[in-house]
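Participant: could you work out the structure for the sequence below:
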Amino acid sequence: MYAVQQPSPEAYQPRLSLWGHVWRYLLALGISAVGLVSSTDGWPEWRFALDLGLGVLSMVLVFWRRRWPVAIATFTTVAGAFSILSAGASTLALVSLATRRRWREIIPISLLNFAAGMFWFAVMETTTAEEIPGIPLWGFNLGANVVIVAAMVAWGMYIGSRRELIATLRLRAETAEAEQALRVSQARETERRRIAREMHDVLAHRISHISMQAGALAYREDLSADQVRGEVGTIRDGAHRALDDLRTVLGVLRGNGEDPETAPQPTYADLGRLVEEARTGGMNITFEDDVEGSPPEAVGRSIYRVVQEGITNARKHAPGAALQVSLQGSEEHGIDLLLRNRLGFDSNTPGAGLGLIGLTERVDLAGGRLAHRTEKDVFILEAWLPWGQ
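Facilitator: Got it, this is the predicted structure:
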């Protein structure tokens, strides 16, 4: 077990303003003045000079009570035993020490303060006070001294507790604000990744299809004018669909389009159309669907994206190679997805490889797993998805 390190008392002490110093000194001077007025009758000059010297020195030194709390409190308390002018500084020092709430400091200084008070009443006091009937003078002085010291300690403890409470509340507020900012930042990052993944899933397939058709058309010199117009029309239709998809995604990005959860999304039933579209573009695809039943919408969308990325990768890296797409599964065992095609070449297209990273994140979030590997000259992409998410 590790001990929790408590913050030092200085951590809770606010920096005093000019007015904070002024009113504390005024209070200390007021306490000293009251004692001085009631105790100077019959003092010789040396006694007054001693009291004044110790009092002024105490008032100067008490300014550093926060830097050296025990030392300053000790000096002002001892000085208070011989100087009534030091009483205000001694009070200020003891209250300041008590705000630290360290009993190993408070108890010795409090006892010393009590002893200094009793010494003053017994030895240094020259005026004769009227006794209260039934209470001896020494008993009254003893009780008054106890009450005064206890009040100073209690007041200092209260101030220290209040400072700690304020500091704790401020720290909690700052921590909550930082945590909220972190949550907002994480939410924004998650949304950016989702939009980037969606843009890749939607556009990479369309654009790679257009690129392959345009590249093939550039080498087909045997086509008639009507055939060329037909191919160009196919490319134009694909470009229009890509633009429509881009507008949808950008609308979500700007926040003025359809909600991402309610915008039209591909389903498992759209797989056949996806494969036929790729075949129309010239790809050789073998498609086997042995899934029993119709998967849930979210699972079907994830499967669609995996197949779409597999077709896009095969089109970019291995144009002309046969692609095998196989689906097997049931509600009890989940869905196994396998895509195989011959290795082609490494693409230097910007962002190449990001699609598989996005797919891995998508499948992981769905509770499944995705892996890809090569066996001899064959690239294999396989995934498993649970029936329910």
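Participant: what residues does the host helix or strand of residue 47 touch?
Facilitator: Per DSSP states H and E: residue 47 is located in helix 45-61. By Cβ atoms under 8 Å, 6 or more residues apart in numbering, the surrounding residues in contact with helix 45-61 are 25, 28-29, 32, 36, 40, 43, 72, 75-76, 79-80, 82-86, 88-90. Heads up, the C-betas are built off the backbone N, CA and C, glycines and all.
Participant: buried ones among those residues?
Facilitator: Neighbour-count burial (16 or more other Cβ atoms under 10 Å) applied to those gives 25, 28-29, 32, 36, 43, 72, 75-76, 79-80, 82-86, 88-90.
Participant: which of those residues fall in helices?
Facilitator: Counted as lying in helices by DSSP state H, out of the buried ones among the contacts of helix 45-61, are 25, 28-29, 32, 36, 72, 75-76, 79-80, 88-90.
Participant: residue 337: which element?
Facilitator: Following DSSP H and E, one finds residue 337 within strand 334-342.
Participant: next helix or strand past that strand?
Facilitator: Using DSSP H and E, the helix or strand that follows strand 334-342 in sequence is helix 354-365.
Participant: helices of the stretch 201-350 of the chain, start to end?
Facilitator: Listed in chain order, the helices of the stretch 201-350 of the chain (DSSP state H, counting those that start in this stretch) span residues 225-254, 271-280, 297-317.
Participant: please identify the deepest-packed of these.
Facilitator: Mean neighbour count, computed with mean count of other Cβ atoms under 10 Å, is highest for helix 297-317 among the helices of the stretch 201-350 of the chain, reaching a mean of 22.
Participant: any figure for the gap between residue 365 and residue 334?
Facilitator: From residue 365 over to residue 334 the distance is 15 Å, taken as Cβ to Cβ, to the nearest Å.
Participant: returning to that earlier point: which two from the ones in helices among the buried ones among the contacts of helix 45-61 end up farthest apart in space?
Facilitator: The most widely separated members of these, counting by Cβ to Cβ, are 36 and 72 (21.3 Å).
Participant: can you list the weak-confidence ranges in the stretch 51-200 of the chain?
Facilitator: For the stretch 51-200 of the chain, residues meeting the criterion pLDDT under 70 lie at 123-140, 191, 194-200.
Participant: gap between the two ends of stretch 318-328?
Facilitator: Distance between the boundary residues of stretch 318-328 (Cα to Cα, to the nearest Å) amounts to 25 Å.
Participant: what residues does it touch?
Facilitator: So stretch 318-328 is contacted by 212, 215, 275, 283-291, 303, 307, 310-311, 314, 335-345, 379 (Cβ under 8 Å, 6+ apart).
Participant: in its sheet, what does the strand holding residue 337 sit against?
Facilitator: Strand 334-342 pairs in its sheet with strand 323-330 (antiparallel), strand 378-385 (antiparallel), by DSSP bridges.
Participant: touching, residue 84 and residue 36? I think so.
Facilitator: Yes: using Cβ atoms under 8 Å, residue 84 is in contact with residue 36, at 5.4 Å.
Participant: any idea how far residue 247 lies from residue 18?
Facilitator: Distance, residue 247 to residue 18, by Cβ to Cβ: 63 Å.
Participant: residue 321 now?
Facilitator: Going from residue 321 to residue 18 by Cβ to Cβ gives 82 Å.
Participant: more crowded one of the two?
Facilitator: Each of residue 321 and residue 18 has its neighbours counted (other Cβ atoms under 10 Å); residue 321 has more, 18 against 7.
Participant: dihedrals phi and psi, the more buried one?
Facilitator: Main-chain torsions, residue 321, degrees, to the nearest 10: phi -80, psi 150.
Participant: leaving out the residues flanking it, which one is nearest to residue 70?
Facilitator: Nearest residue to residue 70 in three dimensions, chain neighbours excluded: residue 105, at 5.6 Å (Cβ to Cβ, 6 or more residues apart in numbering).
Participant: likewise residue 270?
Facilitator: Nearest in space to residue 270, with sequence neighbours left out and distances taken as Cβ to Cβ, 6+ apart, is residue 304 at 6.1 Å.
Participant: again, but for residue 267
Facilitator: residue 300 (4.9 Å).
Participant: mind listing what the one you found touches?
Facilitator: By Cβ under 8 Å, 6+ apart, the contact set of residue 300 is 266, 267, 268, 269, 294.
Participant: could the helices of the stretch 201-350 of the chain go into JSON lines alongside mean pLDDT?
Facilitator: What follows is these, written out as JSON lines (pLDDT from 0 to 100):
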{"stretch": "helix 225-254", "mean pLDDT": "70"}
{"stretch": "helix 271-280", "mean pLDDT": "87"}
{"stretch": "helix 297-317", "mean pLDDT": "86"}
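Participant: let me have these in CSV, extended by distance to residue 97.
Facilitator: Shown next, in CSV, are the helices of the stretch 201-350 of the chain (distance: least, Cβ to Cβ, whole Å):
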stretch, distance to residue 97
helix 225-254, 61
helix 271-280, 79
helix 297-317, 66
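Participant: done for today, thanks.
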